[in-house]
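In: here you go, sequence then predicted model.
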Amino acid sequence: MTTTTHENQITKEGQFHLGMKNDLEFLISLGISSGADFVEIFLENTNNISLLAEQDHITSVNPSFTRGAGIRVFLGDRDGFVTTNDLTINGLRNALENSLAMLGLDMNNSNLINFTGLNNFNDYGKSKETWLKDSPELKSSCNLILKATDKLKMKNKFIDVRRGSYSRGLQEILIASSDGTFCRDIRLSQSIGLNVLASDKGFRASSSRRYGSQGKPNDLLEWDSEKSAYDISESVGNMLYADYVEASQMPVVLANKFGGVIFHEACGHLLETTQIERGTSPFADKLNKQIANEALTAVDEGLTEGAFGTISIDDEGMEPEKSVLIEKGVLKKFLSDRAGEMRTGHKRTGSGRRQSHSYAPASRMRNTYIASGKYQPEQLIETIDKGLYCKSMGGGSVGPTGQFNFSVEEGYLIENGKLTKPVKGATLIGEAKEILPRISMCANDLELAAGFCGSISGNVNVTVGQPHIKVDSITIGGR
Amino acid sequence: MNKFIDEKNLKDKINSLSKNVNIKKWDIGASSSSDSSVQVDKGKPKQLKSSQKNSLTLRIWNKEGLVGISSTTDLTDDGLNKSFTSAYESSFFGNSSDIPDFSPECKNKLFNINSPLREAYGIKRLYELLSLAEKNLIESHSSIESVPYNGLSESIYERIYINSDGASRLIKKTQASIYLYARSNVQGKKPRSSGSIKLGYGTSDLDIDSCIEEASKKTIDHLNYSPITTGKYLVCFKPEAFLDLINAFSNIFNARSILDGISLSNKNSLGETISVPYFNLVDDGLHKDHIGAINFDGEGTPTKKINLIENGIINNFLHSEATARAFNTNPTGHAGTGSKVSVGPDWFVISKTPLGNNKSEKLNHQNCKDTFVLIESLSALHAGVKPSQGSFSLPFDGWLVKEGEKISIEAATVAGDIKNVLMNIVEMENNSEVTHSGISPHIWINELSITGEA
């Protein structure tokens, strides 16, 4: 770790701008003169803050800043990727040299091919420069989160632990690559979390909710903390005395919004070209074939205004598209990034995403949801004699061969077409290709929910979503 | 090997910034690393990556004694200035009811650790080694068609802790790791996947052959699988699986979690019986087999060996400076860094005390004729564990063993309550195994719920 003076940095005012073009074109010239087929430079500045309220105190305020670059070089379909926190011209040059060396290429300092091919600067961030200033100040943010934890206290007397968290991420990126891409963007994400733990007479239950937005500076100020506090308090109150569910095989109805996490994890990831490259997607050869029930249409897009997974450009500089993944049960598209297109032939979809400059981009989901159907939610429940209603889902995982496992945070038995008693400890177990044909009914109440997705290129903001859906039969893990 | 962190320069800069706003007390935790990693796909490089990373966390105490914090990767003058200003601003929102202080042990003598520094092999050799390992794994059995998850990496890193009171800690380490997860494909069968991870001080220390052998054996062992009937079973956890489970519930011993009300323990739990009388659990971050050992924590406190459970009784908790003060005891060297200092375990060692009628083993996974489930590894620990409630429901890889015959289980979950698990241990085998996450023998539990086929 060395400290350097600001004068050596390629960014004079700390922000990225058009004036950096010559330096970037010089670096790209060095790369292609050395034999690389493609050179990409990704620069990043972040200015984040997170805070935590516990009970009636702010217990953590944590500002953080990141500054770095990721340089990726392709030779054929192979790539070398180097990251650095050193944004001096020498630092970037060293990083480029290392990435070339990974592919067996020596840096060519003479006979440079003069690259002047960066396109007109496409500044998606220009209209967003006031976002940071328009976001709530630290004091207001603290007060709003404290207000929410205070409301939790009033809603349920058995709640022992009340936590509220808020995080604001401001990311400025600049992408320059040898195909002419030259663009900048500013991204503002905000997320709010509430967690509670209730206990009484030896019973314990916990519940959590997360809300998130992209590109909405006023989001925290407009948040209805009263409604959120009521929602989470009701949930934990219902589950406090719940019995454990018995393990069985039965139909389930998954509630809208965060219920979509199962589709995201169990199916969405298998439609990313990174999985096809690995040979781990059972759907790799199923394009234009029926893989799900006709009732199911699923979409991934980066366009819904304010949604957590919305982006103006992906991390390779491409504008996002709306990708219909499954239409009436037929597989229509895979999510692809630059490397994915090169290695699998599936066209890029504006889905090349990464957590930060420290990761190479990969094909990742954005806002992913099951489309609305024609039924009222109650109609799905009425069709079931004995089953499980999953009102709120916890986390889950998908194994390397496609099996998934998700915990149900708030569940109720369905008996004779009606919701009856709450049950805890349920997990939904299955495999995407077996479960997709069993999603037989979709309601008309699609809603989206914010989440974080961790995968090969780090944690990225995403939206999951669905209407209420019915799965005809699934294994329920319990006691 | 060069020194990454210019400690004196950093200290001078923060002192200079402090003077401007009359700050007299500050501390810094920082790290710097250089990493290289490779992934391959059928002999071709899939991704070659190297990175140089810095990170610095600064805490300052303002005139009112409140603490502000900031972290950054930007070590330019401007970056440090911005970070300092930000920490100063955030100090006005510091928690007046729980103010951290310097650790009283931040200048105490550190325990020595034997952590040799190894020369890096470099990307080219890493790629060659991993390609060969992938090839050998695929060739080890006809059913293995690919190694979709693989990686070989090496890193050198430095970590420091310094403060305005003159504390100065520095450690430099090298580390390497390899993981290989094979995927089988047999006609008429579902694909199966299993793997192995190995750690070393450097690439030269990695036992790549045994990583290949283990990944291959584990994959092949699961080729012939059957569903298991849902029910309650006698279960034997392999060491790695039991260590994963106990780590997921480490809030039992975490003083920060206890103060926050999210632990299964409370302030009065010391001295409580939590397990069978022959069960011992030690957190031993300095153990000679712990490759990642660091001899000080985020507050500069020396890392210590702590007896957490002795003869089934909770004996100690893990502490930071602030929690130790709240419990009127000493910090244990388990603090992180942050605005609110976290506490976490280092490396668990589970052992058996020969007591009463348990001197000789009654159950042994290698020759037991009873029907039992042998759990090799647990998955989805981030999602299937409710640490504050004590319950878990986790998918696992393992076997149903009947009269000595092992049948791989197709897909199943194990569910239970950690306190019941610890109290229902029916056997701890005599031989312990060293894993990358700690040391444990095979541990047997009675009557655990397994969900397979309903």
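Out: Cool, got the structure. Residues are numbered from 1 along each chain as shown, chains lettered A, B, ... in the order given.

In: how many neighbouring residues does the residue of chain A found nearest chain B have?
Out: Taking CB to the nearest CB, chain B has its nearest neighbour within chain A at A:Gly395, 3.2 Å off. Where C-beta positions appear, they are placed from N, C-alpha and C, glycine not excepted. For A:Gly395, the neighbour count with other CB atoms under 10 Å in any protein chain shown is 16.

In: make sure it is indeed in a strand.
Out: Yes: per DSSP: H, G, I helix; E, B strand; the rest coil, A:Gly395 lies within a strand segment.

In: check which element follows the lengthiest helix in chain A along the chain.
Out: As assigned by DSSP state H, the longest helix anywhere in chain A is helix A:138-155. Downstream of helix A:138-155, the first helix or strand assigned by DSSP states H and E is strand A:159-177.

In: name the residues of that next one that are buried.
Out: Residues of strand A:159-177 classed as buried by neighbour count (16 or more other CB atoms under 10 Å in any protein chain shown): A:159, A:161-177.

In: of those residues, which ones also sit close to chain B?
Out: A:Val161 (CB under 8 Å from any CB of the partner chain).

In: one step back: which residue sits closest to the residue of chain A closest to chain B, ignoring its sequence neighbours?
Out: B:Ala383 (3.2 Å; CB to CB, 6 or more residues apart in numbering or on different chains).

In: ranges for the helices of chain B?
Out: For chain B, applying DSSP H gives helices covering B:7-20, B:77-91, B:123-139, B:208-221, B:239-248, B:255-260, B:321-326, B:381-384, B:418-423.

In: where among these is average confidence lowest?
Out: Mean pLDDT values for these show the minimum at helix B:381-384, a mean of 87.

In: and it, how far out from the chain's middle?
Out: Relative to its chain's centre, helix B:381-384 lies at 15 Å (CA atoms, centre = their mean, to the nearest Å).

In: which strands and helices sit next to that helix?
Out: With contacts taken as 3 or more CB pairs under 8 Å, 6 or more residues apart in numbering or on different chains; DSSP states H and E, helix B:381-384 sits against strand A:386-398, strand A:403-415, helix B:239-248, strand B:391-402.

In: would you convert these into a markdown table that also reports distance to B:Asn424?
Out: Listed next are the helices and strands packed on helix B:381-384 as a markdown table, based on distance: least, CB to CB, whole Å:
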| stretch | distance to B:Asn424 |
| --- | --- |
| strand A:386-398 | 25 |
| strand A:403-415 | 23 |
| helix B:239-248 | 13 |
| strand B:391-402 | 14 |
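
In: closest one to B:Glu105 among the ones you listed?
Out: Set against B:Glu105 and scored by CB to CB, these come closest in helix B:239-248, at 25.1 Å.

In: how about B:Ile407, what does it touch?
Out: Shown in contact with B:Ile407 (CB atoms under 8 Å, 6 or more residues apart in numbering or on different chains): B:Asn224, B:Tyr225, B:Ser226, B:Trp399, B:Leu400, B:Val401.

In: residues contacting the fifth one?
Out: It refers to B:Leu400. Counted by CB under 8 Å, 6+ apart, B:Leu400 has contacts B:Ser226, B:Ile228, B:Thr371, B:Phe372, B:Val373, B:Lys406, B:Ile407, B:Ile409.

In: give the ChimeraX command for selecting the buried subset of those.
Out: For the buried members of those, the matching ChimeraX selection, counting by 16+ other CB under 10 Å, is:
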select /B:228,372,373,409
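
In: which two of the contacts of B:Leu400 lie the greatest distance from each other?
Out: Largest pairwise distance in the contacts of B:Leu400, by CB to CB, is 15.4 Å, between B:Ser226 and B:Phe372.

In: closest point of chain B to chain A, which residue?
Out: For chain B, CB to the nearest CB, closest residue to chain A: B:Ala383, 3.2 Å.

In: residues contacting that residue?
Out: Listed by CB under 8 Å, 6+ apart, the contact partners of B:Ala383 are A:Gly394, A:Gly395, A:Gly396, A:Ser397, A:Asn405, A:Phe406, A:Ser407.

In: who wins for neighbours among those?
Out: A:Asn405 (29 neighbours).

In: for A:Ala101, phi and psi?
Out: Dihedral pair for A:Ala101: phi -60, psi -30, per degrees, to the nearest 10.

In: my guess is it meets B:Tyr127, correct?
Out: No: counting by CB atoms under 8 Å, A:Ala101 stays clear of B:Tyr127, with 11.6 Å between them.

In: which residues of the stretch 101-250 of chain A fall in helices?
Out: Counting by DSSP state H, counting those that start in this stretch, the stretch 101-250 of chain A has helices at residues A:131-134, A:138-155, A:219-222, A:225-239.

In: how about those in CSV, adding mean neighbour count?
Out: Listed next are these as CSV, based on neighbours: other CB atoms under 10 Å in any protein chain shown:
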stretch, mean neighbour count
helix A:131-134, 13
helix A:138-155, 18
helix A:219-222, 16
helix A:225-239, 20
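
In: low-confidence ranges, chain A, go.
Out: For chain A, applying pLDDT under 70 flags the ranges A:1-14, A:400-401.

In: residues contacting residue 279?
Out: Using chain A here. A:Gly279 touches B:Glu145, B:Ser146, B:Pro148, B:Arg183, counting by CB under 8 Å, 6+ apart.

In: nope, chain B
Out: Contacts of B:Phe279 (CB under 8 Å, 6+ apart): B:Ile309, B:Asn311, B:Gly312, B:Ile350, B:Lys352, B:Thr353, B:Leu422, B:Ile425, B:Met428.

In: how about the nearest residue to the fourth one, chain neighbours excluded?
Out: When you say that, I think you mean B:Ile350. Using CB to CB, 6+ apart, the closest residue to B:Ile350 is B:Ser440 (4.0 Å).

In: which residues touch the one you found?
Out: Contact analysis of B:Ser440 by CB under 8 Å, 6+ apart lists B:Pro239, B:Glu240, B:Phe242, B:Leu243, B:Phe348, B:Val349, B:Ile350, B:Ser432, B:Glu433.

In: show me how to select, in ChimeraX, the buried members of those.
Out: Buried subset of these, written as a ChimeraX selection, criterion 16+ other CB under 10 Å:
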select /B:239,240,242,243,348,349,350,432
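
In: could the contacts of B:Leu400 go into CSV alongside distance to A:Gly458 and pLDDT?
Out: Below are the contacts of B:Leu400 laid out as CSV (distance: CB to CB, whole Å; pLDDT from 0 to 100):
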residue, distance to A:Gly458, pLDDT
B:Ser226, 38, 93
B:Ile228, 36, 94
B:Thr371, 44, 96
B:Phe372, 40, 97
B:Val373, 36, 98
B:Lys406, 38, 92
B:Ile407, 39, 93
B:Ile409, 33, 94
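
In: nearest to A:Gly80 among the contacts of B:Leu400?
Out: Of all the contacts of B:Leu400, B:Ile409 has the smallest distance to A:Gly80: 41.4 Å, by CB to CB.

In: skip the chain neighbours and tell me the closest residue to the closest one.
Out: Per CB to CB, 6+ apart, closest to B:Ile409 is B:Ile228, 4.8 Å.

In: touching, the one you found and B:Thr413? I think so.
Out: No: counting by CB under 8 Å, no contact exists between B:Ile228 and B:Thr413, whose distance comes to 10.3 Å.
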